[in-house]
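Undergrad: sequence and predicted structure are below.
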Amino acid sequence: MNLKRPFPGMWRFPTNPEICCIYRVPDCPRSVNPEAYTPQLLLIGPLNHSLKSQAFKSPGDVTYTMSTGYLNMEECKKIYLAEFTRRVVGGENTIKVFMRMIEEDEDRIRENIRFFGAKTGYGYGYPRITDINLRPRESYSESSAWIESQEFVKMILHDCVFILELILRTLERGREKTGDPIMDMPCLEVIVKSDLMLLENQLPYFILEKLFDPVVPKFQKLIINYFNFGGKIGNKSKFRHFTDLFRCVRVETLQGLPPRKFKLIEHMYNAVKLHSGGVKFEAVENEYSLYVRFENGCLKMPCFVVHDHEERILRNIMALENCHYPYEAHVCTYMIFLDYLIDTEKDVDMLVEKGIIRNWIGQHSLVAEMVNKLCVGIMDNGSYCSDTSVEVNAYYSSPFNRSRAVLKRVYFGNMWIGTATVAAMLLLLMTLVQTVASIIQVKQK
């Protein structure tokens, strides 16, 4: 049976691995925390266009607040487009130029194939292999052929202009209210900024760059500073979209390091057990670093800052890595390593004490639960931390290191116990000296 018309969620088959970079999150990780991948207010791009269509079918449905939020943001996009038209040199003519540029690159943004119901050499309405080889340019893993060309171009224009106008307004904002709900209510701005980094909520960065580089000087630097990555990533760094930017700022911390073996971590003890066996912990590097090393019995790790949106950010980066960077999944491998260290809130307690974790979300048990669930549904294709785990396990398994750790913990656990231990040793030594002196004196007599 041939499919008569395309539908939302239909795979692009096949995709071009060099160009395709925006994906639907697989069901396995999504089922653990669906809210982490779902926009709360702002819908961007074709993958979430069906949510927009659903919202327009039920306007005013206060029982579904997200739908109302989506509709409000769509109206906001129209207002931002009008305001940007007045702001930019050339006004309406510049917007028309933007429209033509998007139309020229429509096939690169999405593959607009109308093959449904047609008989082809590939069977069941799919294109022939020869046709596929001639169609190498699509940014999304799903077909958006169900969106008409005119509607698609208009959607991309509204989304692109909204992003730039939002950033410009954020830079211009003062302490007085302006009448713009996003600018006047910081809580809404935080949600919108969080929605902008979701994997399914992306536009390919090249179209933003092509539209706005001639209009806004140093556009990429503007983007980097908006997400508070100024000085933490190179202004000439290459990224494919905003989710990829959030990954790049972390992965670039591994550049220039000596190569490591990339294999599975078979086993590693939790943080409390390692500490009891003599392994020391030290926080180093910045909060975005992924560099983990073991030197002279000390496990050196970057500080992991846990805030309200951290799980959402990490889940989307990890979903991107599983889809696009399965054999360079450096954020995934770091979180898997951390998952081995953290079993319970006692492990978090110890890591917080050592400065390796900064907990801004409340109880330490919440951090343990978050870390333990982050890797559920994530494929583990090997870790650059595997050598480190072997070194840590070997150090912990050494009887000498464990005995020394026990002695240190029991007899020198704190200043008072250490002082009492030293005093007892001195007393024992003095008693021994006195006994020997007495024996010598008796023998002399």
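TA: Looks like it came in fine.
Undergrad: could you use CA atoms for every contact and neighbour count after this?
TA: Fine.
Undergrad: export stretch 92-106 to CSV, keeping only CA atoms.
TA: C-alpha atoms of stretch 92-106 as CSV (Å, rounded to 0.1, in the frame of the first residue of the first chain):
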residue,chain,number,x,y,z
GLU,A,92,10.4,45.6,4.3
ASN,A,93,13.0,45.2,1.6
THR,A,94,15.4,43.5,4.0
ILE,A,95,12.7,41.1,5.1
LYS,A,96,11.9,40.3,1.4
VAL,A,97,15.6,39.6,0.9
PHE,A,98,15.5,37.3,3.9
MET,A,99,12.5,35.5,2.4
ARG,A,100,14.4,35.0,-0.9
MET,A,101,17.5,33.7,0.9
ILE,A,102,15.4,31.1,2.8
GLU,A,103,13.7,30.0,-0.4
GLU,A,104,17.1,29.5,-2.0
ASP,A,105,18.2,27.3,0.8
GLU,A,106,14.9,25.6,1.5
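Undergrad: what comes up buried for that stretch?
TA: Neighbour-count burial for stretch 92-106 flags 95, 98-99, 101-103, 106 (criterion: 16 or more other Cα atoms under 10 Å).
Undergrad: now it: how far from the chain's centre is it?
TA: 32 Å (Cα atoms, centre = their mean, to the nearest Å).
Undergrad: ok, stretch 362-382 next?
TA: Worked out by Cα atoms, centre = their mean, stretch 362-382 lies 13 Å from the chain centre.
Undergrad: show the end-to-end separation of that stretch, please.
TA: 32 Å (Cα to Cα, to the nearest Å).
Undergrad: who touches it?
TA: The contact list for stretch 362-382, computed with Cα atoms under 8 Å, 6 or more residues apart in numbering, reads 28-29, 32, 262-265, 306, 311, 315, 318-319, 322, 326-327, 332-333, 335-336, 338-339, 342-345, 347-349, 359, 361.
Undergrad: could you pull out the buried residues of that stretch?
TA: For stretch 362-382, using 16+ other Cα under 10 Å, the buried residues are 364, 367-368, 371-375, 377-382.
Undergrad: in helices, which of the buried residues of stretch 92-106 fall?
TA: 95, 98-99, 101-103, 106 (DSSP state H).
Undergrad: got JSON lines for the residues you listed, with pLDDT too?
TA: Converted to JSON lines, those look like this (pLDDT from 0 to 100):
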{"residue": "Ile95", "pLDDT": "96"}
{"residue": "Phe98", "pLDDT": "96"}
{"residue": "Met99", "pLDDT": "96"}
{"residue": "Met101", "pLDDT": "96"}
{"residue": "Ile102", "pLDDT": "95"}
{"residue": "Glu103", "pLDDT": "94"}
{"residue": "Glu106", "pLDDT": "90"}
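Undergrad: got any ranges where the stretch 1-150 of the chain has weak pLDDT?
TA: Within the stretch 1-150 of the chain, the stretches with pLDDT under 70 are 1-18, 59-65, 111-137.
Undergrad: which stretches of the stretch 51-200 of the chain form helices?
TA: Using DSSP state H, counting those that start in this stretch, the helices of the stretch 51-200 of the chain run over residues 65-87, 92-104, 106-109, 129-133, 149-172, 181-184, 186-195.
Undergrad: closest one to Lys300 among the ones you listed?
TA: helix 186-195 (30.1 Å; Cα to Cα).
Undergrad: now for the next helix or strand after that closest one, which elements pack on it?
TA: Moving toward the C-terminus from helix 186-195, the next helix or strand (DSSP states H and E) is helix 205-212. Packing partners of helix 205-212 (3 or more Cα pairs under 8 Å, 6 or more residues apart in numbering; DSSP states H and E): helix 92-104, helix 219-226.
Undergrad: export helix 205-212 as CSV, just CAs?
TA: What follows is helix 205-212, C-alpha atoms only, in CSV (Å, rounded to 0.1, in the frame of the first residue of the first chain):
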residue,chain,number,x,y,z
TYR,A,205,22.9,27.5,12.4
PHE,A,206,24.0,28.2,8.8
ILE,A,207,20.7,29.9,7.9
LEU,A,208,20.9,32.2,11.0
GLU,A,209,24.4,33.1,10.0
LYS,A,210,23.6,33.7,6.4
LEU,A,211,20.7,36.0,7.2
PHE,A,212,22.2,38.0,10.0
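Undergrad: contacting residues for Leu208?
TA: Contacts of Leu208 (Cα under 8 Å, 6+ apart): Cys160.
Undergrad: go again with 10 Å.
TA: Residues near Leu208 by Cα atoms under 10 Å, 6 or more residues apart in numbering: 102, 156-157, 159-161, 163-164, 219-220, 241.
Undergrad: ok, now Ile102?
TA: Applying Cα under 10 Å, 6+ apart, the residues near Ile102 are 96, 108-109, 152-154, 156-157, 207-208, 210-211.
Undergrad: for the protein, which segments count as strands?
TA: 280-284, 293-295, 298-302, 304-306, 357-359 (DSSP state E).
Undergrad: nearest to Ser237, of the ones you listed?
TA: Among the strands of the chain, if distance is taken as Cα to Cα, the winner is strand 298-302, at 21.9 Å.
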